[in-house]
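Asks: Build me a model:
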Amino acid sequence: MHREENRALILPPSDRAHWQAPAGFSGALLYLAWGIRQYGSSPISESRHDGWAYVLVDAGSPLLVREGRRERIASPALILIGPDCIFGWQDVPRRPSRLLVWMWRQPVHTALRRLRNDTFAHYALESGEQTELRHLHALCRGEIHRCDAHSVEALAGLQAVIEARLARIFEGSARDPRNEVVDRAMNWIQSHLSTRQPLARLADFLGVSPATVQRLFHKRLGTTVMKIISE
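Replies: Predicted coordinates for the structure are as follows:
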């Protein structure tokens, strides 16, 4: 099959949440989609696309179809699909899934620019990674709805942040952000053992409330800040 055949952006039904770059849009983002999908009743046939698709399977377990083979993708998962990879979506009737999709003209991160155009990569996510990607998708939605003189540059910055996060996941160096917070907290405690108000000062450093710090320590370490300091 010629590499340019069967290349099309197949849009969801008009009442399903999505955005397509209008004619003349100069930004790097081609397409954005979010919300509930039922691929059993509204499947997406296999095709190539003009851009690079980054897909967060946020809930459910839809069937990804690639070159005639079907693979069930259990959430939470991240998928990266190059423009020359043929893929589509199916599922059983009445089974909902929730996906967050970005489609960019080209990657900007060095690690992603080295990938082949027919790349397909699938990674299971930690819940903290899932939460971060949800937040980044929400920021992109905010920019495409705002669509003012600064949105193109804002989206370019968001693409760089998203791809840095993706590169860490692909390299296996990504960590649950909540564990990273605990590590930062422990390093701060080690350097400030003489502080008279350690819980308040630690909360300031982390940018959260003292109650949040206590909940985080109890959940992750099974103890309190003051017990850590005493020990």
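
Asks: Helix or strand next in line after the helix-or-strand element of the chain with minimal mean pLDDT, which one?
Replies: For the chain, using mean pLDDT, DSSP states H and E, the weakest element among its helices and strands is helix 177-191, scoring a mean of 79. Scanning forward in sequence from helix 177-191, with DSSP states H and E defining helices and strands, the next element found is helix 198-206.

Asks: Which secondary structure state does the spatially most central residue of the chain sit in?
Replies: The residue lying closest to the centre of the chain (C-alpha atoms, centre = their mean) is Leu133, at 3.0 Å. Three-state secondary structure (criterion: DSSP: H, G, I helix; E, B strand; the rest coil) places Leu133 in helix.

Asks: Which residue, other than its chain neighbours, is closest to it?
Replies: The shortest distance from Leu133 to any residue other than its chain neighbours is 4.9 Å, reached at Leu56 (C-beta to C-beta, 6 or more residues apart in numbering). C-beta here means a position set from N, CA and C on the backbone, and glycine is covered the same way.

Asks: Surely the one you found is in a helix?
Replies: No. Going by three-state DSSP, the assignment for Leu56 is strand, not a helix.

Asks: In contact with it: list those residues for me.
Replies: Residues in contact with Leu56, defined by C-beta atoms under 8 Å, 6 or more residues apart in numbering, are Pro76, Ala77, Leu78, Leu99, Leu100, Val101, Leu125, Gln130, Leu133, Arg134, His137.

Asks: before we move on, back to that, in terms of contact, does the residue nearest to the centre of the chain touch Val161 like I think?
Replies: No. With contacts counted by C-beta atoms under 8 Å, Leu133 stays clear of Val161, the gap being 10.5 Å.

Asks: The residue nearest to the centre of the chain: what's it in contact with?
Replies: Leu56, Leu78, Leu100, Leu125, Ile162, Arg165.

Asks: Flag every buried residue along the helix or strand hosting Arg168.
Replies: Applying DSSP H and E as the criterion places Arg168 in helix 151-171. If you call a residue buried by 16 or more other C-beta atoms under 10 Å, then helix 151-171 has these buried ones: Ser151, Ala154, Leu155, Leu158, Gln159, Ile162, Glu163, Arg165, Leu166, Ala167, Ile169, Phe170.

Asks: Show me the shaky parts of the chain.
Replies: 1-6, 173-178 (pLDDT under 70).

Asks: For the spatially closest residue to Arg66 that is not a sequence neighbour, grab the count of nearby residues.
Replies: Excluding the flanking residues, the one nearest Arg66 by C-beta to C-beta, 6+ apart is Phe87, at 4.7 Å. Burial of Phe87 is recorded as 21 neighbouring residues (other C-beta atoms under 10 Å).
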